[in-house]
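Student: Need coordinates for the below:
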Amino acid sequence: MFDRFGLSAGHERVYRHLLLVPEARIEELAAASGADVPEVRQSLADLDEAGVVGQRATTPTGHYSLPPEQAFEVLIAREEARLEAQRAALYAARDELPELVNDYVTQRRSGVGSDVEYLIDSPLVRSRIYQLSAAATHSVWSTHPGAAVSEAAVRAALPLERSAAERGLDQRMIVSLESLGPAHWDDYLSTLLTLGHSVRLLPAIPQLCLIFDREHALIPARGADGSTGAYVLHGDSLVAPILALFEELWSTATPFGTTNTPGDGVFTEARMRQVATLLAKGLKDESVARKLGISVRTVRRIISALADELNAESRFQAGYLASSTGWVDLTRGS
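Tutor: Numbering: from 1, shown residues only. Below you'll find the predicted structure:
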C-alpha cells in the first residue's frame with residue numbers, strides 16, 4: 001500500500017513489523033523485512049521523514065510506528081500537498097504561455113497595412129486564435145461551414161471554450177447542418193451548450209470567420225503555394241462587413257440543442273433520403289452509420305423521424321414504404 005505514496009515494499013515491511021512488535025531490535029527488523037541493518041536504518045529514517053514513524057528513546061530501535069489510521073492520514077496529507085505544489089507549478093507555467101505565443105506570432109506574422117496582418121500557415125493561425133481568444137473581454141463569435149472538424153481540433157478548442165465560459169464571454173457559433181452526425185462533434189456542440197455558449201445551425205454558411213470583441217476578425221487566406229493561412233482584420237471599416245454577415249446569418253439560423261430532431265430541421269431532407277435508401281436496401285443501423293460517416297445514435301434519430309414522416313410502424317416498414325412510394329429510387333447509387 002505504501003507504494004502509492006512513494007515508499008517501497010521494504011519500507012512497508014519495516015513499518016508493519018515495528019507496528020506489531022514495538023520492542024523489536026534492529027536485527028529483528030532486518031530479518032523480518034529481508035534487508036540488512038544499514039538498509040533498515042535508512043528505511044526508519046525515510047519513514048520518520050514521511051511522518052509514519054516517530055522517535056522514542058525507550059525502544060530498542062529508537063522509533064515507533066504510528067497507528068495505521070494516523071499513518072495513512074499523514075501520507076494522504078503529504079501527497080495532497082505534493083499534488084497542490086505540482087498544480088501550482090503547472091499554473092505558473094501556463095501563465096508564461098502568452099509571452100511565448102506572443103513571441104512566436106510577432107516573429108512570423110506579416111503586416112498588410114496598419115489594419116491587416118497575414119498569418120502564413122495553420123500552426124500560426126491556431127496560435128493567433130489562442131492569443132485573440134485569451135485577450136477577448138466580452139465576445140467571441142464564429143462561423144464554421146462544411147463538415148465537422150477533427151477530434152484533435154475539438155480537443156484543442158475545448159480549453160479555450162472553457163476559459164471563455166469562466167470569463168463570462170458572449171460566445172456564439174454557427175455551424176453547418178452537414179457537420180452534424182460524428183459523435184465527437186455532436187458531443188462537442190452539446191458541451192458548448194452546457195458551458196453557456198450559444199450554437200445555431202444553417203444549411204449553408206458562405207464564409208468561415210471568427211470575430212473577437214466586435215473589433216477584430218479572422219478570415220481564411222490561401223497562399224500562392226496552396227498553403228492555408230489567414231488574415232486578421234482590425235478596425236470598424238474592415239470588421240463591420242464581416243460583423244454584419246454574421247448577424248444576418250445568426251438571425252436566420254436554427255438553435256442547436258439536445259432535443260433537436262430531424263423534423264425540427266437539424267437534418268436535411270437529403271440526409272433522410274440517404275438513410276431511407278440504405279434501409280430499403282436492407283442495411284442495419286451500424287452499416288448505415290459507417291456508410292454515411294455519422295453516429296449510430298444519429299441514424300436511429302433519423303429513422304425515428306422517417307417512420308413518423310411515412311406513418312411506418314418499424315424501421316423495416318419505413319424502408320419499404322420509402323421505396324414503394326417512390327420517396328427513394330433504388331436504381332440509383334447511394
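
Student: When you work out contacts or count neighbours from here on, use the C-alpha atoms and nothing else.
Tutor: Fine.

Student: Could you check how many residues crowd around Val52?
Tutor: Counted with other Cα atoms under 10 Å, the neighbours of Val52 add up to 21.

Student: residues touching it, list them.
Tutor: For Val52, the contacting residues are Ser65, Leu66, Gln70, Ala71, Phe72, Val74, Leu75, by Cα atoms under 8 Å, 6 or more residues apart in numbering.

Student: does Glu23 sit in a helix or strand, and which one?
Tutor: Using DSSP states H and E, no element contains Glu23; it sits outside every helix and strand.

Student: report the longest helix in the chain, please.
Tutor: helix 68-108 (DSSP state H).

Student: Now do it, average pLDDT.
Tutor: For helix 68-108, the mean pLDDT works out to 78.

Student: I'd like the contacts of Val52 laid out as TSV, including distance to Pro159 and neighbour count.
Tutor: Output for the contacts of Val52, formatted as TSV (distance: Cα to Cα, whole Å; neighbours: other Cα atoms under 10 Å):
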residue	distance to Pro159	neighbour count
Ser65	46	25
Leu66	44	17
Gln70	39	13
Ala71	38	18
Phe72	35	17
Val74	34	16
Leu75	33	19
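
Student: Those into a markdown table, with extra columns for distance to Asp170?
Tutor: Below are the contacts of Val52 laid out as a markdown table (distance: Cα to Cα, whole Å):
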| residue | distance to Asp170 |
| --- | --- |
| Ser65 | 57 |
| Leu66 | 55 |
| Gln70 | 50 |
| Ala71 | 50 |
| Phe72 | 47 |
| Val74 | 45 |
| Leu75 | 44 |
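
Student: Show me which helix or strand of the chain is least confident by mean pLDDT.
Tutor: When the helices and strands of the chain are scored by mean pLDDT, DSSP states H and E, strand 110-111 comes last with a mean of 69.

Student: next helix or strand past that strand?
Tutor: strand 116-119.

Student: Leu47 - nearest residue in space that isn't next to it in sequence?
Tutor: In space, Leu47 comes closest to Val53 once its chain neighbours are excluded; the distance is 5.7 Å by Cα to Cα, 6 or more residues apart in numbering.

Student: From Lys281, how far out is the closest residue to Thr252 other than its chain neighbours?
Tutor: Nearest residue to Thr252, sequence neighbours excluded (Cα to Cα, 6+ apart): Leu202, at 7.9 Å. According to Cα to Cα, to the nearest Å, Leu202 and Lys281 sit 30 Å apart.

Student: The two: who's more crowded?
Tutor: Leu202 (22 against 14).

Student: what residues are up against the more buried one?
Tutor: Ile174, Val175, Ser176, Leu177, Leu249, Thr252, Ala253, Thr254.

Student: ok, it to Val101 distance?
Tutor: 34 Å.

Student: Skip the chain neighbours and tell me the closest residue to Tyr320.
Tutor: Here the residue nearest Tyr320, using Cα to Cα, 6+ apart, is Ala280, at 5.7 Å.

Student: Report how many residues lie close to Gly6.
Tutor: Neighbours of Gly6 (other Cα under 10 Å): 12.

Student: For it, what are phi and psi?
Tutor: phi 80, psi 10 (degrees, to the nearest 10).

Student: Could you do Thr58 as well?
Tutor: phi -80, psi -10.

Student: Which strand residues bridge the residue nearest to Thr252?
Tutor: Ser176 (DSSP bridges).

Student: Quick check: it vs Thr254, distance?
Tutor: Counting by Cα to Cα, the gap from Leu202 to Thr254 is 7 Å.

Student: shared neighbours of the two, which are they?
Tutor: By Cα under 8 Å, 6+ apart, no residue touches both Leu202 and Thr254.

Student: Residues touching stretch 31-43, excluding its own?
Tutor: By Cα under 8 Å, 6+ apart, the list of residues contacting stretch 31-43 reads Gly10, His11, Arg13, Val14, His17, Ile26, Glu27, Leu29, Ala30.

Student: May I have it exported as PDB, CA atoms only?
Tutor: Taking C-alpha atoms only, stretch 31-43 is exported to PDB below (Å, rounded to 0.1, in the frame of the first residue of the first chain):
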ATOM      1  CA  ALA A  31      15.300 -10.400   9.400                       C
ATOM      2  CA  ALA A  32      11.600  -9.700   9.100                       C
ATOM      3  CA  SER A  33      12.000  -7.300   6.200                       C
ATOM      4  CA  GLY A  34      14.600  -9.200   4.300                       C
ATOM      5  CA  ALA A  35      17.100  -6.300   4.400                       C
ATOM      6  CA  ASP A  36      20.400  -5.700   6.100                       C
ATOM      7  CA  VAL A  37      20.900  -3.500   9.100                       C
ATOM      8  CA  PRO A  38      22.100  -0.400   7.200                       C
ATOM      9  CA  GLU A  39      19.100  -0.600   4.900                       C
ATOM     10  CA  VAL A  40      16.700  -0.900   7.800                       C
ATOM     11  CA  ARG A  41      18.300   2.200   9.500                       C
ATOM     12  CA  GLN A  42      17.700   4.100   6.200                       C
ATOM     13  CA  SER A  43      14.200   2.800   6.000                       C
END
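
Student: re earlier: can I have the buried ones of the contacts of Leu202 as a PyMOL selection?
Tutor: Here is the PyMOL selection string for the buried members of those, based on 16 or more other Cα atoms under 10 Å:
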select buried, resi 174+175+176+177+249+253+254
